[in-house]
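Asks: sequence and computational prediction follow.
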Amino acid sequence: MHYDIISFRLLQGRRIELKFKDGCKGVFDLSPRLDQGRIGGVFDALCDAKLFRKVKLVDGVLTWPGEIDVAPDALWQDIKRDGVAYLEPSAARMAA
């Protein structure tokens, strides 16, 4: 698929530079959600910097230990439109 990720590079903070199969490039910024800390949910584990750095590509998908991954098509759409995709903050934490 054109939205498969073919390479990535960890940037400062909780950001990852991505390159897709079709040549589209941009940044995936996970800080809006991870800066909330451990509030429950699948992404809590990525608050651990060591685990965050264990990201790898599996069949064009960003994947972390513990079966954590992010749909590349959603990332591609946001990056194609805005140059950046965000892991949105949790509404549960925002409402507290």
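Replies: Looks like it arrived, so ask away.
Asks: what's the closest non-adjacent residue to Val42?
Replies: Leaving aside its sequence neighbours, Val42 sits nearest to Ile68 (Cβ to Cβ, 6 or more residues apart in numbering; 5.9 Å). Every C-beta, even on glycine, is put in place using the N, C-alpha and C of the backbone.
Asks: neighbours of that neighbour, how many?
Replies: Other residues near Ile68 come to 17 when the count uses other Cβ atoms under 10 Å.
Asks: please apply the same query to Pro72.
Replies: 24.
Asks: list the contacts of the helix ranked longest in the chain.
Replies: As assigned by DSSP state H, the longest helix anywhere in the chain is helix 72-82. Helix 72-82 is contacted from outside by 1-5, 18, 20, 24-28, 60-62, 84-86, using Cβ atoms under 8 Å, 6 or more residues apart in numbering.
Asks: can you do 10 Å?
Replies: 1-5, 16, 18-22, 24-28, 57, 59-62, 71, 84-87 (Cβ atoms under 10 Å, 6 or more residues apart in numbering).
Asks: just the buried ones from these?
Replies: 3, 5, 16, 18, 20, 24, 26-28, 62, 85-87 (16 or more other Cβ atoms under 10 Å).
Asks: max pairwise distance over those: which two?
Replies: Using Cβ to Cβ, the pair of these lying farthest apart is Cys24 and Leu87, separated by 18.4 Å.
Asks: so what's Ala85 bridging to?
Replies: For Ala85, the beta-bridge partners under DSSP bridges are Phe28.
Asks: shift numbering so it begins at 51
Replies: Understood, numbering begins at 51; the last thing we discussed is Ala135.
Asks: wait, it sits on Leu68?
Replies: Yes: taking Cβ atoms under 10 Å as the definition, Ala135 is a contact partner of Leu68 at 8.1 Å.
Asks: buried ones in the longest helix of the chain, by neighbour count?
Replies: Those would be Pro122, Leu125, Trp126, Ile129, Lys130, for helix 122-132 by 16+ other Cβ under 10 Å.
Asks: so can I have JSON lines of those residues showing pLDDT and distance to Leu61?
Replies: JSON lines is the format used below for these (pLDDT from 0 to 100; distance: Cβ to Cβ, whole Å):
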{"residue": "Pro122", "pLDDT": "96", "distance to Leu61": "18"}
{"residue": "Leu125", "pLDDT": "97", "distance to Leu61": "15"}
{"residue": "Trp126", "pLDDT": "97", "distance to Leu61": "18"}
{"residue": "Ile129", "pLDDT": "97", "distance to Leu61": "14"}
{"residue": "Lys130", "pLDDT": "96", "distance to Leu61": "19"}
